[in-house]
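Visitor: structural data only, the sequence is not supplied:
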(Lines give C-alpha, C1' and ligand atoms only; values in the text may rest on other atoms or scores of the structure.)
Protein backbone atom coordinates (compact mmCIF):
# COMPACT_ATOMS: atom_id res chain seq x y z
CA UNK A 1 0.00 0.00 0.00
CA UNK A 2 2.84 2.37 0.77
CA UNK A 3 4.31 1.84 -2.70
CA UNK A 4 0.95 2.53 -4.34
CA UNK A 5 0.57 5.71 -2.28
CA UNK A 6 4.04 6.92 -3.30
CA UNK A 7 3.33 6.23 -6.98
CA UNK A 8 0.00 8.07 -6.73
CA UNK A 9 1.69 11.09 -5.13
CA UNK A 10 4.38 11.19 -7.83
CA UNK A 11 1.74 10.89 -10.55
CA UNK A 12 -0.27 13.77 -9.08
CA UNK A 13 2.88 15.92 -9.00
CA UNK A 14 3.56 15.23 -12.70
CA UNK A 15 0.05 16.02 -13.99
CA UNK A 16 0.35 19.86 -13.90
CA UNK A 17 3.58 19.82 -15.90
CA UNK A 18 2.00 17.63 -18.58
CA UNK A 19 -1.03 19.92 -18.68
CA UNK A 20 1.18 22.99 -19.24
CA UNK A 21 3.21 21.14 -21.88
CA UNK A 22 0.01 20.23 -23.72
CA UNK A 23 -1.15 23.86 -23.69
CA UNK A 24 2.28 25.13 -24.88
CA UNK A 25 2.12 22.66 -27.79
CA UNK A 26 -1.28 24.06 -28.79
CA UNK A 27 0.08 27.63 -28.64
CA UNK A 28 3.03 26.70 -30.88
CA UNK A 29 0.70 24.95 -33.32
CA UNK A 30 -1.64 27.96 -33.40
CA UNK A 31 1.26 30.33 -34.12
CA UNK A 32 1.79 28.65 -37.49
CA UNK A 33 -1.38 30.36 -38.72
CA UNK A 34 0.35 33.74 -38.40
CA UNK A 35 2.54 32.87 -41.41
CA UNK A 36 -0.30 33.84 -43.77
CA UNK A 37 -0.31 37.39 -42.35
CA UNK A 38 3.44 37.90 -41.90
CA UNK A 39 4.20 37.98 -45.63
CA UNK A 40 1.71 40.72 -46.62
CA UNK A 41 2.61 42.81 -43.56
CA UNK A 42 6.34 42.61 -44.29
CA UNK A 43 5.72 43.38 -47.97
CA UNK A 44 3.71 46.48 -47.05
CA UNK A 45 6.58 47.72 -44.88
CA UNK A 46 9.15 47.11 -47.61
CA UNK A 47 7.16 48.92 -50.29
CA UNK A 48 5.38 51.72 -48.41
CA UNK A 49 7.15 51.99 -45.02
CA UNK A 50 3.74 51.59 -43.37
CA UNK A 51 1.86 48.67 -41.88
CA UNK A 52 -1.64 47.53 -42.83
CA UNK A 53 -4.31 48.90 -40.49
CA UNK A 54 -6.49 45.78 -40.60
CA UNK A 55 -7.11 42.42 -42.28
CA UNK A 56 -8.58 44.02 -45.40
CA UNK A 57 -5.55 46.28 -45.91
CA UNK A 58 -3.31 43.21 -45.49
CA UNK A 59 -5.30 41.33 -48.14
CA UNK A 60 -6.72 38.85 -45.62
CA UNK A 61 -10.31 37.73 -44.97
CA UNK A 62 -12.16 39.22 -42.01
CA UNK A 63 -10.73 38.10 -38.68
CA UNK A 64 -13.33 35.44 -37.82
CA UNK A 65 -12.75 33.73 -41.18
CA UNK A 66 -9.03 33.14 -40.48
CA UNK A 67 -9.27 30.12 -38.19
CA UNK A 68 -7.62 26.81 -37.39
CA UNK A 69 -8.04 23.96 -34.92
CA UNK A 70 -6.92 26.13 -32.01
CA UNK A 71 -7.57 29.67 -33.33
CA UNK A 72 -10.98 31.35 -33.28
CA UNK A 73 -9.79 34.46 -35.11
CA UNK A 74 -6.71 36.21 -36.46
CA UNK A 75 -6.75 39.98 -36.73
CA UNK A 76 -4.26 42.55 -37.97
CA UNK A 77 -4.09 45.94 -36.25
CA UNK A 78 -1.48 48.41 -37.47
CA UNK A 79 0.81 45.53 -38.42
CA UNK A 80 0.39 43.55 -35.20
CA UNK A 81 -1.13 40.08 -35.46
CA UNK A 82 -3.54 38.99 -32.72
CA UNK A 83 -4.56 35.33 -32.35
CA UNK A 84 -7.63 34.56 -30.26
CA UNK A 85 -7.75 30.95 -29.11
CA UNK A 86 -10.88 28.89 -29.48
CA UNK A 87 -12.38 25.99 -31.46
CA UNK A 88 -10.60 22.84 -30.25
CA UNK A 89 -8.11 24.63 -27.99
CA UNK A 90 -7.81 23.57 -24.39
CA UNK A 91 -10.60 25.13 -22.32
CA UNK A 92 -8.08 27.14 -20.31
CA UNK A 93 -6.85 28.81 -23.56
CA UNK A 94 -10.22 29.70 -25.07
CA UNK A 95 -10.76 33.42 -25.42
CA UNK A 96 -7.14 34.30 -24.64
CA UNK A 97 -5.02 36.33 -27.05
CA UNK A 98 -1.42 36.08 -28.28
CA UNK A 99 0.11 39.01 -30.16
CA UNK A 100 2.99 39.09 -32.62
CA UNK A 101 4.25 42.58 -33.38
CA UNK A 102 6.53 43.69 -36.20
CA UNK A 103 9.91 45.17 -35.32
CA UNK A 104 11.75 47.24 -37.93
CA UNK A 105 14.72 49.52 -38.40
CA UNK A 106 12.82 52.63 -39.39
CA UNK A 107 15.57 54.29 -41.43
CA UNK A 108 16.58 51.06 -43.21
CA UNK A 109 13.49 49.37 -44.75
CA UNK A 110 15.75 46.84 -46.51
CA UNK A 111 16.28 45.16 -43.11
CA UNK A 112 13.71 42.35 -42.83
CA UNK A 113 10.84 42.64 -40.39
CA UNK A 114 11.47 40.77 -37.14
CA UNK A 115 8.52 39.43 -35.17
CA UNK A 116 8.23 40.05 -31.44
CA UNK A 117 6.02 37.47 -29.79
CA UNK A 118 4.08 38.09 -26.60
CA UNK A 119 6.16 39.68 -23.85
CA UNK A 120 9.53 39.30 -25.58
CA UNK A 121 11.78 42.33 -25.91
CA UNK A 122 12.42 43.97 -29.26
CA UNK A 123 15.75 43.30 -30.95
CA UNK A 124 18.34 45.99 -30.32
CA UNK A 125 18.03 49.06 -32.60
CA UNK A 126 14.59 47.95 -33.82
CA UNK A 127 11.27 49.67 -33.18
CA UNK A 128 8.18 47.58 -32.39
CA UNK A 129 4.81 48.61 -33.80
CA UNK A 130 1.36 47.69 -32.56
CA UNK A 131 -0.21 46.87 -29.23
CA UNK A 132 0.63 43.76 -27.26
CA UNK A 133 -2.73 42.20 -26.31
CA UNK A 134 -1.18 38.97 -25.02
CA UNK A 135 -3.01 37.76 -21.94
CA UNK A 136 -1.66 34.20 -21.71
CA UNK A 137 0.32 33.33 -18.57
CA UNK A 138 4.04 33.47 -19.35
CA UNK A 139 4.58 29.79 -18.53
CA UNK A 140 2.22 28.82 -21.41
CA UNK A 141 4.19 30.84 -23.95
CA UNK A 142 7.01 29.41 -26.03
CA UNK A 143 10.44 30.45 -24.74
CA UNK A 144 10.92 33.07 -27.46
CA UNK A 145 7.68 34.83 -26.37
CA UNK A 146 8.48 35.32 -22.68
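Guide: Arrived safely. What you see is a predicted model; the values in this text were computed from it and never measured.
Visitor: what about residue 8, neighbour count?
Guide: 10 (other CB atoms under 10 Å). C-beta here means a position set from N, CA and C on the backbone, and glycine is covered the same way.
Visitor: in the chain, which helix is the longest?
Guide: When the chain is parsed with DSSP state H, its longest helix is helix 2-31.
Visitor: give the buried residues for that one.
Guide: 23, 24, 26, 27, 30, 31 (16 or more other CB atoms under 10 Å).
Visitor: and if you look at stretch 40-49?
Guide: In stretch 40-49, residues buried by neighbour count (16+ other CB under 10 Å) are 40, 41, 42, 44, 45.
Visitor: from those residues, which ones fall inside helices?
Guide: Filtering the buried residues of stretch 40-49 for helices - DSSP H - leaves 40, 41, 42, 44, 45.
Visitor: how close does the residue nearest to the spatial centre of the chain get to residue 75?
Guide: Nearest to the mean C-alpha position of the chain, by CA atoms, centre = their mean, lies residue 98 at 4.1 Å. Per CB to CB, to the nearest Å, residue 98 is found 12 Å from residue 75.
Visitor: repeat that for residue 107.
Guide: Counting by CB to CB - residue 107 and residue 75 are separated by 29 Å.
Visitor: look at these two and report which has more neighbours.
Guide: Comparing residue 107 with residue 75 by other CB under 10 Å, the one with more neighbours is residue 75, at 21 against 8.
Visitor: surely the more buried one meets residue 54?
Guide: Yes - under the criterion of CB atoms under 8 Å, residue 75 makes contact with residue 54 at 7.4 Å.
Visitor: if we can go back for a sec, quick one: the buried residues of stretch 40-49 as CSV, columns for distance to residue 123 and pLDDT too.
Guide: Converted to CSV, these look like this (distance: CB to CB, whole Å; pLDDT from 0 to 100):
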residue, distance to residue 123, pLDDT
40, 21, 97
41, 17, 97
42, 15, 95
44, 20, 95
45, 15, 94
